[in-house]
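# Below are the sequence and a predicted model; questions follow.
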Amino acid sequence: MTSVANSTWELVVWNEGEQLLSAVRGPETRASTAPVPQDSRSAGILFAHGVHMPHLPVAALVDGQTPPRPVTAGMLDLAGAAWPAPAYGTAEDFVQHLVDAGALVRDPVVAEVLEGGSPKVSARTVQRRVAATTGLSLGLIRQIARAREAALRLGGGVPIPEVVHGLGFYDQPHLSRSLMRFIGRTATQLAQGRQAQPLSMLYSPPELAERG
């Protein structure tokens, strides 16, 4: 499938045959092709901007992931400890256990600025803390968010000129360059639903990019 760009990191658990594996995947700065093993199933927890693991710098995982680790007897190895592997019904409890143990923390400044707020710190401090907790710049996070929103609107039937104007692209070529870089599809392909291969989960993050 085509794995679209994503500015957040995630914890993934999946199977390869009879073996259950886990890994932490970092942000993806451009669209890429990802293999999908036959008969494989996976579950993932996508973490919000500003949430990070102090022992695992996200910046080192941009466009990459940790080496896959086996999940043995239902236990997942993370942050130097063994945890019950999360499932669809236990993901929130799993995250809360990580928070309680100090393995997962949230930077309120990063969360505030990406939700449209104005933290009472300098712009340089904001840039530094965004980079430290996301591995990306604020501008790149917003570019990715805008491209994902454009793809959703085009897939939903919004005309290309309206997407260009509504999301603040300079013109259609600007939109096309952004979509090819971050989504791996042209505006026409998305508008017409022509997919040579499936896209990874496409959604618009709550912190939708500002214009520009």
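Happy to help now that I have it.

# hey, where'd the strands end up in this protein?
For the chain, strands defined by DSSP state E occupy the ranges 2-3, 10-16, 19-25, 32-33, 42-46, 51-52, 69-70, 75-78, 81-84, 105-106.

# now Pro84: how far from Phe94?
7 Å (C-beta to C-beta, to the nearest Å). From N, CA and C alone the C-beta is placed, and that goes for glycine too.

# ok, these two, which is more surrounded?
Counting neighbours by other C-beta atoms under 10 Å for Pro84 and for Phe94 shows that Phe94 has the greater number, 19 against 14.

# how close does the residue lying farthest from the centre of the chain get to Ala82?
Distance from the C-alpha centroid of the chain peaks at Ala73, with 28.7 Å (C-alpha atoms, centre = their mean). Distance, Ala73 to Ala82, by C-beta to C-beta: 9 Å.

# got it, and Gly156?
Gly156 is 43 Å from Ala82, by C-beta to C-beta.

# Over to Gln143?
Distance of Gln143 to Ala82, given as C-beta to C-beta: 38 Å.

# And those two? Which one has more around it.
Gln143 (20 against 14).

# which one's the longest helix in this structure?
In terms of residue count, the longest helix belonging to the chain (DSSP state H) is helix 138-155.

# now that one: how far from the chain's centre is it?
12 Å (C-alpha atoms, centre = their mean, to the nearest Å).
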